[in-house]
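In: Okay, sequence plus prediction incoming.
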Amino acid sequence: MAHSCQHGDSACSGGKAHADKDEDRLVHEQLRRIGHKLLVMSGKGGVGKSSVAAGLAIALAQRGFRVGLLDVDLHGPSIPKILGVQGSFHVDDQKRLVPHALTENLHVVSIQLLLDNPDAAVIWRGPVKHGVIKQFIAEVHWGDLDYLIVDCPPGTGDEPLSIAQTIPDVHAVVVTTPQEIALQDVRKSINFCRRAHVPILGLVENMSALVCPHCGKEVPLFGAGGGRKTAERMHVHFLGNLPFDLRVVEAGDAGTTLGLVQSENGSYANALNALTAEVIQRCSPPADFQDQEIRREESEEKTAMEPNVLRIAVPTAEGRLCNHFGHCEKFVLIDVRGSEIQNRTEVTPPPHEPGLLPRWLADHGVGMVIAGGMGRRAIGLFEERGIRVLTGAPTDDPQNLVRRYLEGTLECGANVCDH
Ligand SMILES: Nc1ncnc2c1ncn2[C@@H]1O[C@H](COP(=O)(O)OP(=O)(O)OP(=O)(O)O)[C@@H](O)[C@H]1O
């Protein structure tokens, strides 16, 4: 997947900068062709994150969606094992990797398939990992996808951060088990998403209860209801739970998860179907990415946004970005689909009142704010609603700012107001 500078070789002094720009452009072009991007993460290892990512990908593909499954668990990739995928990749005429086609509409990429020796340990530092993850987006022939599911290693390290930075509109699916120790770590994942401005699609509780194969009675192996309670407490949507099923272990070990999900109609498959339906519903329209309580409160007032359209709000005074977010004259609302600006409107905010603007902008269907300065409390209120905030943007015409943001050339300084 080596990438070369189109402007020349090492003699080109700007070679690295050109190559970086080319790669950013490629990432951008690829991402425009992908509808929904989901980052499957967990606070703790072994809670079944990869199994959930694989199960979800299969179930979505089974419903006719075009799905990409990207395994960026660089140190412990398990997707190929779970799915029984072997061999190496082909390269197309544009030197892009062709993902492994597990089914006609489910395509898989994992670092494991690039290693000459499957038992080799990957020893990379953060910047190298970041580069590889970007290449997995830029230099893989993903084509048009409805969903890209990214399986990350457990925790809040380099990989989820790189995904958050590389895929601006990614949403997180956080997986946990009901044990207190897993729930403690999942709270860290939720806080990570809030800090990294990754909206959370919802929480999945895996291995909820063992369904006894003899009497059908549910045995709560790791406690009961902890995932739902944590979701409620952290104001995150609860997507559903999956039971503990020994066939998941067997299928994972044998590489037959595809067959298990496609053919079974027991309690695991039923729960996975319900989870998939919930994910689909939450992914469309995007304005639905709101915390449960807030959604309940505001459901009647909200502006319904078209699927795949992101509405970006910029506070302005005299037609340019205004550094005083809470005291701006107007908000310019710019609707973006992929990398195209589609519409621009202006709205006058209500008189300043602490905490009012995040809710008011949410009512207007806003999914992102580009601001100069903003207080920490307001940032927190936006994040609670799954609205991404970019601060430290320069004073400029709002449309220019959005265009530069879409091109990846918007440079932001410090938040000029962080009280
Ligand atoms: N619902 C389930 N019922 C029974 N076993 C499960 C279930 N989900 C996952 N498992 C099993 O638990 C083990 C860990 O699952 P998996 O590899 O998906 O977890 P992970 O969170 O991705 O782990 P890692 O820490 O390696 O990233 C596997 O043996 C898998 O088959």
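Out: On my side now, so go ahead.

In: Can you name the residues of the stretch 201-350 of the chain that neighbour the ligand?
Out: 206-207, 242, 244-245, 248-249, 252 (C-beta under 6 Å from any ligand atom). Any C-beta I mention is one placed from the backbone N, CA and C, and that applies to glycine too.

In: Near the nearest residue to Leu356 once chain neighbours are set aside, how many other residues are there?
Out: Spatial nearest neighbour of Leu356, chain neighbours left out: Pro350 (6.3 Å); criterion: C-beta to C-beta, 6 or more residues apart in numbering. Pro350 has 9 neighbouring residues, counting by other C-beta atoms under 10 Å.

In: Would you check that Pro350 makes contact with Leu361?
Out: No. Contact between Pro350 and Leu361 fails when scored by C-beta atoms under 8 Å: they sit 10.8 Å apart.

In: my read is the residue nearest to Leu356 is in a strand, agree?
Out: No. The assignment for Pro350 by DSSP: H, G, I helix; E, B strand; the rest coil gives coil, which leaves it out of any strand.

In: any idea how far it lies from Gly157?
Out: Look at Pro350 and Gly157: by C-beta to C-beta, to the nearest Å, they are 42 Å apart.

In: can you check Met207 too?
Out: Taken as C-beta to C-beta, the span from Met207 to Gly157 is 23 Å.

In: who has more neighbours, the two?
Out: Met207 (25 against 14).

In: which residues does the residue in the stretch 151-300 of the chain that the ligand sits nearest to contact?
Out: Taking C-beta to the nearest ligand atom, the ligand has its nearest neighbour within the stretch 151-300 of the chain at Gly252, 3.3 Å off. Going by C-beta atoms under 8 Å, 6 or more residues apart in numbering, Gly252 touches 51, 78, 81-82.

In: Look at it and report its pLDDT.
Out: Per-residue pLDDT puts Gly252 at 92.

In: and what of Ala371?
Out: Reported pLDDT for Ala371: 92.

In: So it is in contact with Phe325, correct?
Out: Yes. Between Ala371 and Phe325 there is a contact under C-beta under 8 Å: 4.8 Å.

In: Overlap of the contact sets of those two?
Out: In contact with both Ala371 and Phe325: Pro315, using C-beta under 8 Å, 6+ apart.

In: Count the residues that sit near the nearest residue to Asp245 once chain neighbours are set aside.
Out: Counting by C-beta to C-beta, 6+ apart, Asp245 lies nearest to Tyr268, which is 4.1 Å off, once chain neighbours are set aside. Other residues within reach of Tyr268, judged by other C-beta under 10 Å, total 21.

In: which helices and strands does the one helix or strand Tyr268 maps to pack with?
Out: According to DSSP states H and E, Tyr268 maps onto helix 267-283. Helix 267-283 sits against strand 34-42, helix 49-62, strand 200-205, strand 238-241, helix 257-263, with contacts defined as 3 or more C-beta pairs under 8 Å, 6 or more residues apart in numbering; DSSP states H and E.

In: at 7 Å what do you get?
Out: Contacts defined by 3 or more C-beta pairs under 7 Å, 6 or more residues apart in numbering; DSSP states H and E place helix 267-283 against helix 49-62, strand 200-205, strand 238-241.

In: Of all the ones you listed, which one is nearest Cys212?
Out: Checking these against Cys212 by C-beta to C-beta gives strand 238-241 as the closest, at 16.9 Å.
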